[in-house]
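A.B. asks: Got a predicted model here, sequence first, then my questions.
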Amino acid sequence: MGKTRKPYPPEFRRQMVELVRAGRTPESLAREFEPTAESIRNWVKQADRDEGRCEDGLTSPEREELRRLRHEVRQLKIEREILAKAAAWFARETDSVPPKSSSS
């Protein structure tokens, strides 16, 4: 696996985007600074989305909402599974296991 590093600060990313928009190439910035040219291109593309310059993907707030909702769905699935197991356990303990419905 590749090495991982802390994400670049938002201000640094904004500065890279501005340099590209001012005429510098992502390749020259990658040689001068640490991020790869591909990372810089991705930052420019995301900034374009966030500013409404292109419509080919999710904006940063939309990405954050999607991340949050996916996390919430994972948590709800875990909680539902726990509740189902608890209900089954309590039903067995009280000897009142209802018959399984064939409609589900």
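C.D. replies: Received the coordinates, thanks.
A.B. asks: And the average pLDDT for the lengthiest helix in the chain is what?
C.D. replies: Longest helix of the chain, by residue count under DSSP state H: helix 60-93. For helix 60-93, mean pLDDT rounds to 95.
A.B. asks: Begin at 200, not 1, for the rest of this chat.
C.D. replies: Sounds good: first residue 200 from here, last item helix 259-292.
A.B. asks: what packs against that helix?
C.D. replies: If contacts are counted by 3 or more Cβ pairs under 8 Å, 6 or more residues apart in numbering; DSSP states H and E, helix 259-292 sits against helix 236-249. Quick note: C-beta positions are derived from backbone N, CA and C, even for glycine.
A.B. asks: Which strands and helices lie in contact with the helix it packs on?
C.D. replies: Helix 236-249 packs on helix 209-220, helix 225-231, helix 259-292, going by 3+ Cβ pairs under 8 Å, 6+ apart.
A.B. asks: go again using 7 Å as the cut-off
C.D. replies: helix 209-220, helix 225-231 (3 or more Cβ pairs under 7 Å, 6 or more residues apart in numbering; DSSP states H and E).
A.B. asks: export the ones you listed to JSON lines and tack on distance to Gly251, mean neighbour count and mean pLDDT?
C.D. replies: Output for the helices and strands packed on helix 236-249, formatted as JSON lines (distance: least, Cβ to Cβ, whole Å; neighbours: other Cβ atoms under 10 Å; pLDDT from 0 to 100):
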{"stretch": "helix 209-220", "distance to Gly251": "15", "mean neighbour count": "15", "mean pLDDT": "96"}
{"stretch": "helix 225-231", "distance to Gly251": "22", "mean neighbour count": "14", "mean pLDDT": "96"}
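A.B. asks: Quick one: closest of those to Ala287.
C.D. replies: helix 209-220 (47.7 Å; Cβ to Cβ).
A.B. asks: tell me the contacts of Arg248?
C.D. replies: Gly256, Thr258 (Cβ atoms under 7 Å, 6 or more residues apart in numbering).
A.B. asks: Give me the pLDDT for it.
C.D. replies: 93.
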